[in-house]
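J.: quick one, what's the 3D model for this:
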Amino acid sequence: MKATADTKKSVSDIITDLIIEKLEAGCVPWRKPWNSTGGAKNLITNKAYRGVNQFILNCYGTSQYYATFKQVQDKKGTIKKGAKSIPICFYSIKEVEDRNTGADTTIPILRFYRVFSFDDILGIEAPAIEEVTREFNPIEEAERIVKNMPFLPEIKAGGSKAFYSPSLDYIGMPESKLFHTDAEYYSTLNHELIHATGHSSRLNRSTVTKTAHYGSSEYSREELIAECGASFLNAHAGIINTTIDNSAAYIKGWLSVLKSKDNRGLIITAASAGQKACDYILNVPAYVEA
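T.: Take a look at the predicted model:
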């Protein structure tokens, strides 16, 4: 039997490669400025995933729930056609004979298995989510910027992830009261609004209109554009000083890309595109539709 790509690699290699792929793709798993009940959880047991598995699963889907194929089958659910599983790891205990003493002993063995996002699971309901909330106080200038954006896409509140859907042209956001601060809410929303400017009905940016896979140059470029543009919007809203550390941490994931000989000018072009997107949102005359 021919070995699969997974069996040729160690579990450590599989997980490490996955994290590197996500970092290079612009997903910084530990950058999450809002509260949730334990992050990613198992759909059936409702137990939170731990350690590196949280980092991995925070980069996938728009739900916080995941389950194995067998768990879905056991609950009479189904997986959407074409859905891709996500590898996560665990330690199992193996009993072996100690080479020196001959006595039985146990050792931990690192293994991996695959789970599916709740987004790709049909026929099973997710548990009710209880979130840690605080009072949200809108920032007047930030609100004005959002409301005055030309052709503002629909903003849907709810769920555990922040994202922009190019195909459906809408932004998904966690509830505003879940964010650690009001500034973090607007900083995250601004990032997604910059993505939305790339839609064909707005600035028609190729990094948004064309399919770009995780880790690709186009995907990386778009994420950098979004973070640059969001930083510019934050400055206009007067919240730059409260979010610059997160922006710096986010951009850190691009260092390997920025240092590449072929991408020496990437930060300049990304900042330029980010400024153009920012101007569009601010309704600067050059980008107002006739």
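
J.: what about the longest helix in this protein?
T.: Among the elements of type helix in the chain, defined by DSSP state H, the one spanning the most residues is helix 217-237.

J.: can you give me the buried ones in that helix?
T.: Across helix 217-237, burial judged by 16 or more other CB atoms under 10 Å covers 219-234, 236-237. C-beta coordinates here come from the backbone N, C-alpha and C atoms, glycine included.

J.: R114 - that's part of a helix, no?
T.: No - according to DSSP: H, G, I helix; E, B strand; the rest coil, the state of R114 is strand, so it is not within a helix.

J.: I figured it hits K84, correct?
T.: No - using CB atoms under 8 Å, R114 is not in contact with K84; the gap is 9.1 Å.

J.: between those two, which one's more packed in?
T.: Set side by side, R114 and K84 show unequal neighbour counts under other CB atoms under 10 Å, the larger going to R114 at 13 against 10.

J.: quick check: bridge partners of that one?
T.: Bridge pairing for R114 (DSSP bridges) gives the partners P87.

J.: which parts of the stretch 1-150 of the chain are strands?
T.: Ranges of strands in the stretch 1-150 of the chain, per DSSP state E, counting those that start in this stretch, are 41-42, 65-67, 78-79, 86-97, 104-117, 121-122.

J.: can you redo those strands as TSV with distance to D169 and mean pLDDT?
T.: Compiled in TSV, the strands of the stretch 1-150 of the chain are given as follows (distance: least, CB to CB, whole Å; pLDDT from 0 to 100):
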stretch	distance to D169	mean pLDDT
strand 41-42	30	88
strand 65-67	26	92
strand 78-79	27	95
strand 86-97	26	77
strand 104-117	22	80
strand 121-122	24	94
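
J.: comparing those strands, which comes out most buried?
T.: Comparing these by mean neighbour count (mean count of other CB atoms under 10 Å), strand 65-67 ranks first with a mean of 25.

J.: so what are the sheet partners of that strand and their directions?
T.: For strand 65-67, sheet partners with direction are given as strand 41-42 (parallel), strand 104-117 (antiparallel), following DSSP bridges.

J.: let me have those strands in CSV, extended by distance to E175.
T.: As requested, those are exported to CSV (distance: least, CB to CB, whole Å):
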stretch, distance to E175
strand 41-42, 18
strand 104-117, 20
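
J.: for P127, find the nearest of these.
T.: Judged by CB to CB, the one of these that comes nearest to P127 is strand 41-42, at 8.0 Å.

J.: list the contacts of that closest one.
T.: Outside strand 41-42, the residues within contact range by CB atoms under 8 Å, 6 or more residues apart in numbering are 47-49, 64-67, 71, 115.
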